[in-house]
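Chemist: based on what follows, work out the 3D shape:
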Amino acid sequence: MPPDSSIQEMVSNYLATDSDMVRTDIRVSVENGIVTLEGSVDEYWKKGEAERIVRGARGVSDIVNRLAVVPTRTVADNGVIIPGVPPGGILRRGQMPNNPY
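Modeler: A predicted model of the protein is given here:
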């Protein structure tokens, strides 16, 4: 089994070079072959993907995934338009958007 420092370097490189791990902030620590992932990812599926990537590293005996999912996009960022609601506008309970039709 490789030393923890080698596992940490390998896992960090795998994560840093994987195109799916763009916009992530992942810190890696290793103790006795157990890899701990801490930090954040911007989409839920990336949390599982990070684990999958780590499992491919030689010497990894287990993974502790402490990654937080912190979305960086909102519905407004995706260009969704709600008729009668100004961009960035919020409707209060009971309010209805102006009907443009």
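
Chemist: show me the beta-bridge partners of Asp62.
Modeler: Here Asp62 sits in beta bridges with Ile34, as judged by DSSP bridges.

Chemist: what's the neighbour count on it?
Modeler: Neighbour count of Asp62, defined by other Cβ atoms under 10 Å: 11. In short, each C-beta sits where N, CA and C put it, glycine included.

Chemist: what about it, distance to Leu37?
Modeler: Between Asp62 and Leu37 the distance, using Cβ to Cβ, to the nearest Å, works out to 12 Å.

Chemist: can you check Thr72 too?
Modeler: Distance of Thr72 to Leu37, computed by Cβ to Cβ: 19 Å.

Chemist: so who does Val30 touch?
Modeler: When contacts are counted by Cβ atoms under 8 Å, 6 or more residues apart in numbering, Val30 touches 4-5, 7-8, 11, 36.

Chemist: what is the nearest of those residues to Glu49?
Modeler: Of all the contacts of Val30, the one sitting nearest Glu49 is Val11; the distance, using Cβ to Cβ, is 13.4 Å.

Chemist: helix or strand right after the host helix or strand of Asn13?
Modeler: Secondary structure assigned from DSSP states H and E places Asn13 in helix 4-17. Tracing the chain past helix 4-17, the next element assigned as helix or strand by DSSP H and E is strand 25-31.
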